[in-house]
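Undergrad: Next comes the sequence, and after it the predicted model I'd like to discuss.
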Amino acid sequence: MRKSVFSAVAGAGALAVALAGCSGGSDSQDAPSGEAIAQEYDLSGIDVAVGSKDFDEQLILGQMMVQAFEAAGANVEDKVDLGGTEIARAALESGQIDVYMEYNGTGWTVHLGQEDPSFDSEELTANVREKDLEENQIVWVGLSPFNNTYGFATGPDVTEANGGAFTLQTMMEYVRDNPDAVVCMESEFPTRPDGLILTEEATGIELPDNQQRILDTGVIYTETAAGNCTFGEVFTTDGRIAALDLTVVEDPGVNILYNVSATFRQETYDQAPEAFDGITNAILEPLNNEEMAKLNARVSAEGEDPAQVAKEYLQEQGIIN
């Protein structure tokens, strides 16, 4: 087992430095010949139940952990695809799972009930890490470069008819002035503290109930592309945005940050902190917005199996053989 890449309870600002000096790296060309990064760590005899939420990005990230931890020798129980945010977090807190990937903005506003999140990704994650460990014995490990924040999008016809991209302000003004306009959203978005209310407060315009339509996540993209939703709530790293020729509404910084970390039960993490640190950082460090959107598109737009997409990514990065 090699030395820890960085302590999960240390300040998040040390992340980039620690990763830059990591001897294993995340590039398969840097990994020792014949030995994958996961094999440099020992999780033998450790039981790890890996969960995830129920959308494509989470399925991919969950499968990355399943396969990487197995390669390090852990006894992994695959519980990927549990359900929504509340279900995944409840499973972690109750011990049904030991780890799942969570977003810093969600941790701060939803799980910890805090307001005024930092718009610096490292600072926000450091704040969440400290508070969640102290209050709930949940350890946040790693930090993805990608920021999968909420947004809105328009389909090709709506975009063209209105001369290009909307801003959040012009979007809400358009909805206010056009009673037939419909905004399609997931079920939890209108009531989340980090959801619709941020746009309403920033623009000074409330979205009437009769102009809201609640749809499943995947349906929002196709219905927006078809013009049946004037605007659709999207995740900004979703591969279907490009695949369906959607245009993202310009956001001046209203929606908060959603960089991802692995969230562990402390009693599980403490069995092998160096291994969990090293493997998790190797998974997350290469995942910028472009890379995550590309992986997401393979599942959501091209119909590939999340487990296969995860496997090929881990192999390309030299994490597993």
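TA: Great, that's in hand.

Undergrad: count of neighbours near N288?
TA: By the criterion of other CB atoms under 10 Å, N288 has 14 neighbours. For every residue, glycine as well, the C-beta is placed using N, CA and C.

Undergrad: Hmm, it is touching F146, no?
TA: Yes - using CB atoms under 8 Å, N288 makes contact with F146 at a distance of 5.4 Å.

Undergrad: Strands along the stretch 201-321 of the chain, start to end?
TA: For the stretch 201-321 of the chain, the strands defined by DSSP state E, counting those that start in this stretch cover 212-214, 231-235, 247-248, 260-265.

Undergrad: so how far is D132 from the residue most central in space within the chain?
TA: Among the residues of the chain, the one closest to the centroid is V260, at 4.9 Å (CA atoms, centre = their mean). Distance of V260 to D132, given as CB to CB, to the nearest Å: 14 Å.

Undergrad: ok, now L112?
TA: As for L112, its distance to D132 is 6 Å (criterion: CB to CB).

Undergrad: ok, the two, which is more surrounded?
TA: D132 (20 against 16).

Undergrad: OK, contacts around that one?
TA: 107, 111-112, 138-140, 263 (CB atoms under 8 Å, 6 or more residues apart in numbering).

Undergrad: any idea what sits nearest R240, other than its immediate chain neighbours?
TA: Closest residue in space to R240, ignoring its immediate chain neighbours: Y221 at 4.3 Å, by CB to CB, 6 or more residues apart in numbering.

Undergrad: Count residues in the vicinity of the one you found, would you?
TA: Neighbours of Y221 (other CB under 10 Å): 27.

Undergrad: Tell me the pLDDT of it.
TA: Y221 is assigned 96 on the pLDDT scale.

Undergrad: Distance of it relative to E290?
TA: Here Y221 is placed at a distance of 19 Å from E290 (CB to CB).

Undergrad: Residues in contact with stretch 286-298: which ones?
TA: In this structure, residues lying in contact with stretch 286-298 by CB under 8 Å, 6+ apart are 26-27, 56-57, 60, 144-148, 236-243, 260, 304, 309, 313, 317.

Undergrad: Restricted to helices, list the residues you listed.
TA: 56-57, 60, 240-243, 309, 313 (DSSP state H).

Undergrad: need the contact list for the residue nearest to the centre of the chain.
TA: Going by CB under 8 Å, 6+ apart, V260 touches 61, 101-104, 143-144, 146, 148, 284, 287.

Undergrad: re the thing from before, which pair in the contacts of D132 spans the largest distance?
TA: L112 and V139 (14.2 Å; CB to CB).

Undergrad: hmm, back to that, of the ones in helices among the contacts of stretch 286-298, grab the buried ones for ChimeraX.
TA: Burial among the ones in helices among the contacts of stretch 286-298 is assessed by 16 or more other CB atoms under 10 Å; the matching ChimeraX selection reads:
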select :56,57,60,240,241,243,309,313
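
Undergrad: Now for the ones in helices among the contacts of stretch 286-298: which two are most distant?
TA: The span of the ones in helices among the contacts of stretch 286-298, defined through CB to CB, is set by I241 and Y313 at 19.9 Å.

Undergrad: And the nearest residue to R213 once chain neighbours are set aside, its phi and psi?
TA: Nearest residue to R213, sequence neighbours excluded (CB to CB, 6+ apart): C184, at 4.7 Å. With angles defined as degrees, to the nearest 10, C184 sits at phi -100, psi 130.

Undergrad: now swap in V99 and tell me
TA: Dihedral angles (degrees, to the nearest 10) for V99: phi -160, psi 150.

Undergrad: Name the nearest residue to it, sequence neighbours excluded.
TA: F264 (4.7 Å).

Undergrad: count of residues packed around that neighbour?
TA: 25.

Undergrad: bridging residues for it?
TA: Here F264 sits in beta bridges with V99, V139, as judged by DSSP bridges.

Undergrad: In contact with it, which residues?
TA: If a contact means CB under 8 Å, 6+ apart, then F264 has 8, 98-99, 138-139, 141, 276 as its contacts.

Undergrad: Quick check: the farthest pair among the residues you listed?
TA: Longest span within the contacts of F264, CB to CB: A8 and D98, 14.0 Å.

Undergrad: Looking at these two, which is more packed in?
TA: It is D98, of A8 and D98, that has more neighbours when counted by other CB under 10 Å, with 27 against 24.

Undergrad: I'd say that one and I46 touch.
TA: No - in terms of CB under 8 Å, D98 does not count as a neighbour of I46; the distance is 9.1 Å.

Undergrad: Quickly list what's touching both of the two.
TA: With CB under 8 Å, 6+ apart as the test, D98 and I46 both reach T268.

Undergrad: Sweet, I'm off.
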